[in-house]
Structure formats: structure tokens, C-alpha cells
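In: could you look at this predicted model? Sequence included:
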Amino acid sequence: MTYDLPALHVAVADVRVIVFESADPEFFIAHGDMRFVTDPDVLAAASAATLAANPDADVPSTLNLMQVVHEEVRALPQVTIGKLNGLARGGGNEFLMALDMRFAAVGKAGQAQPEVLLGIMAGGGGTQYMTSLIGRARTLELLLSAQLADAELAERYGLVNRALPADEIDDFVTSLARRIGALRPEIIAAVETAVTAAGQPITREGLSTENSLLTPLFSADAAALAHKLLAAGMQTREGELNLEALLAQ
Amino acid sequence: MTYDLPALHVAVADVRVIVFESADPEFFIAHGDMRFVTDPDVLAAASAATLAANPDADVPSTLNLMQVVHEEVRALPQVTIGKLNGLARGGGNEFLMALDMRFAAVGKAGQAQPEVLLGIMAGGGGTQYMTSLIGRARTLELLLSAQLADAELAERYGLVNRALPADEIDDFVTSLARRIGALRPEIIAAVETAVTAAGQPITREGLSTENSLLTPLFSADAAALAHKLLAAGMQTREGELNLEALLAQ
Amino acid sequence: MTYDLPALHVAVADVRVIVFESADPEFFIAHGDMRFVTDPDVLAAASAATLAANPDADVPSTLNLMQVVHEEVRALPQVTIGKLNGLARGGGNEFLMALDMRFAAVGKAGQAQPEVLLGIMAGGGGTQYMTSLIGRARTLELLLSAQLADAELAERYGLVNRALPADEIDDFVTSLARRIGALRPEIIAAVETAVTAAGQPITREGLSTENSLLTPLFSADAAALAHKLLAAGMQTREGELNLEALLAQ
């Protein structure tokens, strides 16, 4: 029971997007191993082994093992997408919430934090991640009721980006991942950094960060691409009406 | 006209959940008394009487009476749930927004802040509570238009957790309250504290708070419960497919 | 190519609401001029001309021209409403997001940030404005996929306040603008200031600001209006059931 963090540390030049899905049609990740509760030594041993296997990981003494793993996932330079075709509960749903975005299949997906019914609480980042995604009122409801949220409720609450028909989710996520995977890594990094700098409310610091990330992107390459797109019909009425199609070529 | 704050101060060991609903099928709370506007002495007298009746209340000099009452409600250790079967306007809706969560009956519920049409503005916490719930753009729309939001719009905007069919809301809220009421008070307190510590964006401080609240919950009681649940089928495929039912036993 | 900022600086006493819409049924604002990418001199010249024409504008050296324009729009004392009957992409959508609120026509509206497909990124405030409106997960999806969001998706994500049927949006926005336009400027200013002071989570400072803005509104005028409304039926059951109609008279 060792989390092998370095396995995730792939050079950004090689991998730009990671789609997390499950080979099991009914479960994404069931939840953390109950031995963590029944036998404290199992958790301690897993923590020690993970630390030994990841000597370079940033492991603050105030965080627990699951939080550290989820924070590592959250800090990945790749764009991370969760495709939820089954159930994700407890630590499994916390892992899912640590990803950059999530999509759920209607009629199949389910998310819950059942911890309070086990006499504990969500503690792998769940209280923080869920509040950030769906706000305090809905988080309290889901954490204290411990009930399953289906795909439609998850979309309405903001727990996933979208609920998608089960027969469309594969194509949607593949298409999204391919689009992102076709971008240059420095573009992806700039967007992620600028979005992460966004304050609530909007701050001048965030705007300055955005601008400092944008400026170096005005390159000769971008100018050449723009010339090509103008020649192909961009900035004509016809081209603008179907700009996404024109840009996809 | 005295708000009797201590009446709400029930020991957490005795009461874990409070459902606020109205005996009047058409109104939750109509709104603040207009005499607060027509006769400043009424407001001053109510404030003085409330202060006298609540010598221990935290009453900052920069807040007004309604804000103080709503902040006391917001600080209650119990989980507070609003069940909205009728109209809540002005101070009535501000009270509702001060609760931990809210549910609205389709075809019956209505929420509005009509203050601007009275030449004043929402001032019992409403500008702060609503922005926290639904964001700046939708808050400005509702506060400046002073129009009624029905249950469906309230759900889409996030003003309530969910809009529920009028013939289902009682069962839903009762079931939710019973689930929460069955939890140990220290679990409820830990979840509420962790969620309240959640920053936007996610902070290391919030995660550390979550972990420090989780750690003491790994008790012998939790271990015994986990052993029982494992024996009952948790961590088997069958048990996990209907985990909520298994945990409800 | 000079943005004439002072043209927007109308005295608040004269104009209280500005509705931005397009005379072109297919486009709101297409996007920034591609010459900004193909020819850096065009952008530099536009910046210089804008600065010269707006000697009093607050132009921090760390922001770019489009950010400055959008921040000026965001700081307008008037309530700004976007009516989206067509396409808004790139800088056009950033302008739209800088407004106080937005409404989109079903079947006609579309919003996108296509920048990453041009080898650059949204840089006119878009990364900050969108994250503030719809959160990190959905912002990353829209910015990195560069796909068009239709009116329904825009409402579900919070990119617009509401999606409205195309044959209703004109009446809805006109009615909203007239309601707001009928308010006294100091009421509008107080509401906007209080909402802008709202923190996430709720802060005592925000509540104090709300209270300090409310207090001076308890005027003889407000008392006289309240007396009139009480005489007209406010605080009677009948009057309260249709309070919005009563207040509209």
C-alpha cells in the first residue's frame, strides 16, 4: 500500500493531458481502505512507505497521507480530467475533486462522502475541495447527509463540469483531451497559471499576472499563424460565423 | 419587539439540527416591520431592548440589530435548515440566507429583496449573504430589480440548495434533518468547522485544519464501527453498490 | 483604433443604466483585431493613442490596453447590462464579462475564448473575469477547449445571469433596465458598493460597510414613502401576497 507519486511525474513535454477513468464500469474509486480506520498501523505504514518512495515530495507535517497525494495530483502540470462512469465515494471522490475538471455519465455516475456515517469525516481534502467547487451550503448538505449525488445533481451543484449522456461521454472527453493535447505546453501552463492567480473578487495582481503571461506569447509563430488564419477567412463574416470550424483545420 | 437571542442558545448536546419553517402556508417571514422606516424610535427601542435581553451577545457597534440577529443565527452550533413553502422577502429572506442550507417548494416558494423600491437597501446582511451564495452578477440583478425569484430560479442561481416538488419537500427535509440529527455532535462540529475554514482558492491552512479535526475522530469507536460494517459487507462489490443502504442500517 | 474612454464617463446623475447590445444580429463583438497579433506596432499605436486621449485614466504599467479598457468598464458607476443575441468571442466576450450582468438569447447567443487556438491566451481580463464568474474547473474547460458555449450552457455555468427565449430577451432586459433606471442614483451606488465589499467567506468588514451605507438611507423621504405604501396595503395579507405589484404602482 504505497502511493507511487513519481509515477505521475511525467515530463510536461511528453504528456499534456491525463484522463482518469476506471476499467471497472461500476466504480471509479470505491473509497479509502477501511483498514485505515480499523488498524492505525496500516495508515502509519502506508504513510512511511509513501514518504520513503517519494523523498522529494513536498510533505508538510500538518497534512495527512491522502491530503498529500491529492495535493500532488492537484499540482500536476498536466491538465487532469476525470471521467466518471460509476461510483466515487470518500477518498475516491476526493481524488476526483482534486482534478482540474470532471464529467459524469447520466444514469451511471454517483458521488458521495459517506465518512460521517463511519464516525469520521472527509479528511483527504474533501471539505476544502468541495467547498471550493460548490459553496458552503451545498457542501454541508452533501457532507452531513452522506447521500449519493447522481450526475444531474452533481452538475447542478457544480460538483462536475457537466453531466453527459452515457453514450456521449467517451467522445466528449476524448475530443476535449485531444484539443488540449494539441496545444503547446507553454500555452497550457500560461492558462493554468493565470486561472490559478484569479482572486475572488478580481484583483489587480491577478490581472498583472495574466498580462505578464500573455506578453511573451505574442511571438513570430503566433503572428505567422494569424496571417494564415486571416488568409483562410478569419475576420470575414463567413469565417467568423463558424470560427471554431475554421480554427480546427 | 424584542429578539430573544438566548432562546436559540440550546446546548448542542441536546439539539443538533433546527429546521425553520412557517406555520403560515403563504409566508415564511414577510419582511422587517415597516415601522423601522416610518418611526426611527421603534428601531432604536427594539435595539435597546434586544441588547438588554442579551447581555452576553457579541454586538459590534458597527452592525445594526438585524445584522446582529442574523449573525447570531449564522453562528449557531446547530445545523440550521430553512424549509421554504411560501414567501420570504427583505429581512425574512436575509434570515433564510443566514441558515446553513435552504430548500424551496416548487410553485409555492418566492424570495425577494424589495428594499430598493422602499428607498432603502437590503441591510440585514443581505448584500453579503446573497453575494456569498450566488455571486456578484446575479446578486446585483436580484437586489436592483427587487423581483421575486421562484423556486426553480432560486435553485439555478444557488439561492437555495434545491427546488423540490411541493409534495416531497416535507419528507426530504425531515429525512435530511433526521440523518444529521443521528450524528454525534463532535462530528457535526468538525465538519462545520472544516467547511468554514475552506478558502477560495484552496489553502494549506484549510487543509491543515481539516486534518487536525479528522485525527481525533480515529477512535476505538470508529474502529469498532468499521469492523461491524466490514462484517456487514462493506468493501465487497455487492455492499459497495448500495453502500448508502448498508450504512443506513 | 483608439478607445475613447471619456465617452463612457457620463455623469451618474444623467445615466443610471447602460444596456450594451449589438446592431448586428449575428455578432455582439467578434473579437480583438488580429492585427494586434500580426503587427505589434498596431497594438503599440492603439495603446499610445488611447493613453493620449485619456490623460486622466488610471493606467497601471503592468496592465495591457484591453485590460485597462475592461477595467474602466467594470468601474463605471452605472449599472451595465449585456444583451447577447449573437456571438461574442475573445476580447468581445471579455468585454461582456466586464459588465455587471449579462443575458443570452437561446438559439442565438454564443460565447468563446478562442485564443489558445491562435497560439496566445485570453489576456484582456478573461482569465480573471471568467474564474470569478464560473469557477476554476469550468474556466479551464472553456479556455483550453476554446469551444463555443451556447446560451443554456452559459446559464448553467454562470457565464450569463440567464438564458432567455429569443423573443423575450428584449422585453426582459428593457424591463430590468427601466426598473433600475427608476431608482435614485444613491440607492444604486449603495447597493453596488455593498455588493463589491462582500467577501468570500462573509466578513465583518463587509457587514459594517453594508450598515454604514444603509444608515443614511433612513431618510424623511423613505419614511414618507413607507407611510404611503402602508396606506396602499403593505403589511396586509392581500398586499403582501402581491407585493411586487403594489410596489410597482
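Out: Everything's here; your move.
In: count of neighbours near the closest residue to A:R184 other than its chain neighbours?
Out: Spatial nearest neighbour of A:R184, chain neighbours left out: C:G119 (7.2 Å); criterion: Cβ to Cβ, 6 or more residues apart in numbering or on different chains. No exception for glycine: its C-beta is placed from N, CA and C like everyone else's. The number of residues packed near C:G119 is 21, by other Cβ atoms under 10 Å in any protein chain shown.
In: the one 4 residues further on too?
Out: A count of neighbours around C:G123, defined by other Cβ under 10 Å, yields 29.
In: please apply the same query to the one 4 residues further on.
Out: A count of neighbours around C:T127, defined by other Cβ under 10 Å, yields 32.
In: what's the helix or strand for it?
Out: helix C:126-134 (DSSP states H and E).
In: I'd like to know which elements that helix is packed against.
Out: In terms of contacts (3 or more Cβ pairs under 8 Å, 6 or more residues apart in numbering or on different chains; DSSP states H and E), helix C:126-134 is packed against helix A:185-196, helix A:204-214, helix C:91-97, helix C:136-145.
In: now render these as a markdown table, adding distance to A:L143 and mean neighbour count.
Out: A markdown table is the format used below for the helices and strands packed on helix C:126-134 (distance: least, Cβ to Cβ, whole Å; neighbours: other Cβ atoms under 10 Å in any protein chain shown):
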| stretch | distance to A:L143 | mean neighbour count |
| --- | --- | --- |
| helix A:185-196 | 25 | 20 |
| helix A:204-214 | 30 | 21 |
| helix C:91-97 | 32 | 27 |
| helix C:136-145 | 19 | 24 |
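In: which of these comes out lowest on mean pLDDT?
Out: Note on these: lowest mean pLDDT is at helix A:204-214, with a mean of 92.
In: the helix or strand just after it versus helix A:185-196: what angle between them?
Out: The element immediately downstream of helix A:204-214 (helix or strand, assigned by DSSP H and E) is helix A:220-232. In terms of direction (axes from the mean of the first three to the mean of the last three Cα atoms, to 10 degrees), helix A:220-232 departs from helix A:185-196 by 100 degrees.
In: I'd like the next helix or strand past helix A:220-232.
Out: helix A:237-241.
In: can you show me the CA trace of that next one as PDB?
Out: Extracted in PDB, the C-alpha atoms of helix A:237-241 (Å, rounded to 0.1, in the frame of the first residue of the first chain):
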ATOM      1  CA  ARG A 237     -18.300  37.400 -41.800                       C
ATOM      2  CA  GLU A 238     -18.400  33.900 -43.100                       C
ATOM      3  CA  GLY A 239     -15.300  32.800 -41.300                       C
ATOM      4  CA  GLU A 240     -16.400  34.300 -38.000                       C
ATOM      5  CA  LEU A 241     -19.800  32.600 -38.100                       C
END
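In: that older thread, looking at the helices and strands packed on helix C:126-134, which is nearest to A:L230?
Out: A:L230 sits nearest to helix C:91-97 of all the helices and strands packed on helix C:126-134, at 16.3 Å, using Cβ to Cβ.
In: about what we covered before: B:A49 is nearest to which of the helices and strands packed on helix C:126-134?
Out: Using Cβ to Cβ, the nearest of those to B:A49 is helix A:204-214, at 45.8 Å.
In: quick one, the helix or strand of chain A with the lowest mean pLDDT and helix B:220-232 angle?
Out: Within chain A, no helix or strand scores below helix A:40-53, which has a mean of 84 by mean pLDDT, DSSP states H and E. Here the directions of helix A:40-53 and helix B:220-232 differ by 90 degrees (the same axes, to 10 degrees).
In: quick check, the helix or strand that helix A:40-53 is followed by touching chain B?
Out: Moving toward the C-terminus from helix A:40-53, the next helix or strand (DSSP H and E) is helix A:65-74. Yes: using Cβ under 8 Å from any Cβ of the partner chain, helix A:65-74 comes into contact with chain B via A:Q67, A:E71, A:R74.
In: separate out the buried members of those residues.
Out: A:Q67, A:E71, A:R74 (16 or more other Cβ atoms under 10 Å in any protein chain shown).
In: the first one and C:L84, how far apart?
Out: Spelled out, it's A:Q67. 41 Å (Cβ to Cβ, to the nearest Å).
In: likewise A:T215?
Out: 29 Å.
In: please say which of those two ends up with more neighbours.
Out: Set A:T215 next to C:L84 and count neighbours by other Cβ under 10 Å: C:L84 wins out with 29 against 11.
In: ok, the more buried one - contacts?
Out: For C:L84, the contacting residues are C:E21, C:F28, C:L96, C:R102, C:F103, C:A104, C:A105, C:A109, C:Q111, C:A151, C:V160, by Cβ atoms under 8 Å, 6 or more residues apart in numbering or on different chains.
In: same question, A:A151
Out: By Cβ under 8 Å, 6+ apart, the residues touching A:A151 are A:L84, A:A104, A:A105, A:V106, A:G107, A:K108, A:A109, A:G110, A:V160, A:A163, A:L164.
In: now do A:K108
Out: Contacts of A:K108 by Cβ under 8 Å, 6+ apart are A:P25, A:N85, A:G86, A:A151, A:A166.
In: OK, contacts around A:V73?
Out: A:V73 neighbours (Cβ under 8 Å, 6+ apart): A:L8, A:T80, A:F95, A:A98, A:L99.
In: ok, 7 Å please
Out: Taking Cβ atoms under 7 Å, 6 or more residues apart in numbering or on different chains as the contact definition, A:V73 lies against A:T80, A:F95, A:A98, A:L99.
In: which two among these are spaced furthest apart?
Out: A:T80 and A:F95 (10.1 Å).
In: coming back round to it: okay if I get the contacts of A:K108 as JSON lines plus pLDDT, secondary structure and distance to C:L140?
Out: Output for the contacts of A:K108, formatted as JSON lines (pLDDT from 0 to 100; DSSP: H, G, I helix; E, B strand; the rest coil; distance: Cβ to Cβ, whole Å):
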{"residue": "A:P25", "pLDDT": "95", "secondary structure": "coil", "distance to C:L140": "27"}
{"residue": "A:N85", "pLDDT": "98", "secondary structure": "coil", "distance to C:L140": "21"}
{"residue": "A:G86", "pLDDT": "98", "secondary structure": "coil", "distance to C:L140": "24"}
{"residue": "A:A151", "pLDDT": "98", "secondary structure": "helix", "distance to C:L140": "20"}
{"residue": "A:A166", "pLDDT": "98", "secondary structure": "coil", "distance to C:L140": "24"}
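In: can you give me the distance of the residue nearest in space to the middle of chain A to B:A223?
Out: Residue closest to the average C-alpha location in chain A (Cα atoms, centre = their mean): A:L99, at 1.8 Å. Distance of A:L99 to B:A223, given as Cβ to Cβ: 31 Å.
In: same thing with A:V73?
Out: For A:V73, the distance to B:A223 - Cβ to Cβ - is 28 Å.
In: before we move on, what about A:A49?
Out: From A:A49 across to B:A223, the span is 21 Å (Cβ to Cβ).
In: which residue comes closest to A:G124 once chain neighbours are left out?
Out: Per Cβ to Cβ, 6+ apart, closest to A:G124 is A:M66, 3.3 Å.
In: and that neighbour, how many neighbours does it have?
Out: 26.
In: equivalent analysis for A:D221, please.
Out: 11.
In: ok, A:S22 next?
Out: A:S22 - counted by other Cβ under 10 Å - has 18 other residues nearby.
In: in what helix or strand does the residue lying closest to it once chain neighbours are set aside lie?
Out: Nearest residue to A:S22, sequence neighbours excluded (Cβ to Cβ, 6+ apart): A:F28, at 4.7 Å. According to DSSP H and E, A:F28 maps onto strand A:27-29.
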